[in-house]
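[1] A predicted structure for the sequence below; I have some questions about it.
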Amino acid sequence: MIEHLPKLLKGKKIILGVCGSIAIYKSIEILRSLEKLGAEVRVVMTKKAKTFIQPLLFEALSHHQVLHKDSQNWGESPCNHIELAKWGDMFLIAPTTANTINKLACGIADNILLESFLAFDKIKIIAPAANTKMIENPITKKSLETLSQIGMTIIASQSKELACKEIGNGGLAEPLEIIYEVLRMFFKDDFWLQKKVCISSGGSKEKIDNVRYLSNFSSGKMGANLALSAYFLGAEVCYIYSIESYPLPLGIKKIKVQTTQEYLQAIQNWQQKIQNPKNAYLIMNAAISDYVPQTFIQKKLKKQEIGKEWNLALKENIDILQSIKKSQITIGFKLEDENGINNALQTLNKKSLDAICLNEISPSFSPMDSKDNKIIWITKDLQKNLGYNDKLHLSFAILNEAKNL
């Protein structure tokens with residue numbers, strides 16, 4: 001589920017609150033994912049939650065004593081709602097029942113979980129899960145609105161078939177979506193909160209006939225990680241892609257394309273909606289074909305028609321970076337096997353880019369389908385080696401440099 005993410009939560013202390021909901025089984029996956037990302041997790045349960053899962057399971061997984069009504073103590077090794085509230089960096093309640101939502105909005109603290117949450121004064125997140133009629137009840141909707149207005153993060157429930165067999169809103173968000181929102185709350189950067197970021201990713205696919213196309217080995221992983229890092233930092237992200245490397249947050253606008261013309265049209269549509277170009281960043285990571293088939297055959301070409309040799313006629317493709325306006329801050333990517341810096345500088349000047357990221361390919365290393373990469377950040381005034389790292393950490397490094405453009 002989270003194999004594409006490095007240990008981004010190392011050193012973080014997260015309190016996981018668990019309510020009495022059929023969705024409680026997902027809280028186990030959430031706990032395990034948080035730990036895999038490096039977080040230390042402690043669990044607090046309501047009395048009703050214990051009717052679904054015994055505390056022992058959470059204790060075995062978290063390696064911490066679970067706080068519930070019967071375990072609270074004030075001795076030499078305290079385990080109580082005040083001690084827990086002082087311990088954590090974030091308090092996540094998943095699942096959060098309608099009952100708990102409405103009590104939170106009123107400041108009621110009549111169980112151990114609510115007492116702990118009321119005493120906590122750092123990052124607070126809730127992930128609702130309830131029957132459709134309960135979650136859509138005007139009282140619950142008003143409570144969610146109140147909680148949002150006072151700065152609490154609410155991870156929206158999803159529409160699906162619920163345990164009661166009804167189909168509608170109320171299902172707990174998927175664990176990966178919850179993990180993404182946890183990461184976003186920790187990584188938010190004030191600089192990026194009002195910024196719009198468009199990222200192109202993957203390789204273009206140029207049709208030869210109805211079943212064949214011309215493309216390249218781009219996996220889209222670098223672009224996907226750039227989208228993730230921009231989202232975690234708080235930006236409004238538009239992701240234009242041809243291949244899905246792994247699931248991305250629902251909060252990222254995703255536009256699937258194939259051809260160069262589709263990439264170009266999607267980017268231009270994004271540009272048209274920009275009101276303040278100074279707050280907009282276009283990162284062209286997609287591997288666009290240098291050449292495209294001269295003609296498109298609107299059927300499947302048969303071997304008998306092609307013959308023993310296929311002399312496929314190609315023509316030079318349009319250059320997207322030279323075709324679009326540069327009102328926004330524009331960052332390109334360059335893949336080279338020799339004379340990398342000189343070629344990158346020529347591209348930077350020729351295409352009027354604000355910066356370019358140089359990938360250098362060699363017989364011993366290719367970033368094309370790797371989880372790792374090597375990047376040199378280049379502007380007209382700076383050449384900075386960002387080093388060798390996984391693509392998500394490099395994406396954060398790229399966006400950190402982009403703040404100076």
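    Perfect, I can see it now. Numbers count the residues shown, from 1 in each chain.

[2] got a list of what the residue nearest to the spatial centre of the chain touches?
    The centre of the chain sits closest to L228, judged by CA atoms, centre = their mean, with a distance of 3.7 Å. Applying CB atoms under 8 Å, 6 or more residues apart in numbering, one finds that L228 lies in contact with 180, 248-249, 392, 395. In this view, the C-beta of every residue, glycine as well, is placed from N, C-alpha and C.

[3] so which of the residues you listed belong to helices?
    Among these, the members falling in helices (DSSP state H) are 180, 392, 395.

[4] for the residue lying closest to M90 once chain neighbours are set aside, give me phi and psi.
    What sits nearest to M90 in space, not counting adjacent residues and going by CB to CB, 6 or more residues apart in numbering, is I123, at 4.2 Å. For I123, the backbone dihedrals are phi -70, psi 130 (criterion: degrees, to the nearest 10).

[5] what's the offset of stretch 372-382 from the middle of its chain?
    Stretch 372-382 has its average C-alpha position 23 Å from the chain's average C-alpha position, going by CA atoms, centre = their mean, to the nearest Å.

[6] mean confidence for the helix or strand that contains L113?
    Using DSSP states H and E, L113 sits in helix 112-119. For helix 112-119, mean pLDDT rounds to 97.

[7] and it, what does it pack against?
    Helix 112-119 makes packing contacts with strand 13-18, strand 40-45, helix 81-87, strand 90-96, helix 98-106 when contacts are defined by 3 or more CB pairs under 8 Å, 6 or more residues apart in numbering; DSSP states H and E.

[8] quick one: which of those is nearest I378?
    With distances scored as CB to CB, the stretch of the helices and strands packed on helix 112-119 nearest to I378 is strand 90-96 (37.3 Å).

[9] assign a three-state SS to F58, would you?
    The three-state assignment at F58 reads helix, by DSSP: H, G, I helix; E, B strand; the rest coil.

[10] ok, it touching V44?
    No - between F58 and V44 there is no contact, the gap being 9.5 Å when judged by CB atoms under 8 Å.

[11] list residues touching both of the two?
    Here F58 and V44 share the contacting residues 18, 66, scored by CB under 8 Å, 6+ apart.

[12] compare the two and say which is more crowded by neighbours.
    For F58 versus V44, the count of surrounding residues by other CB atoms under 10 Å is larger for V44: 30 against 24.
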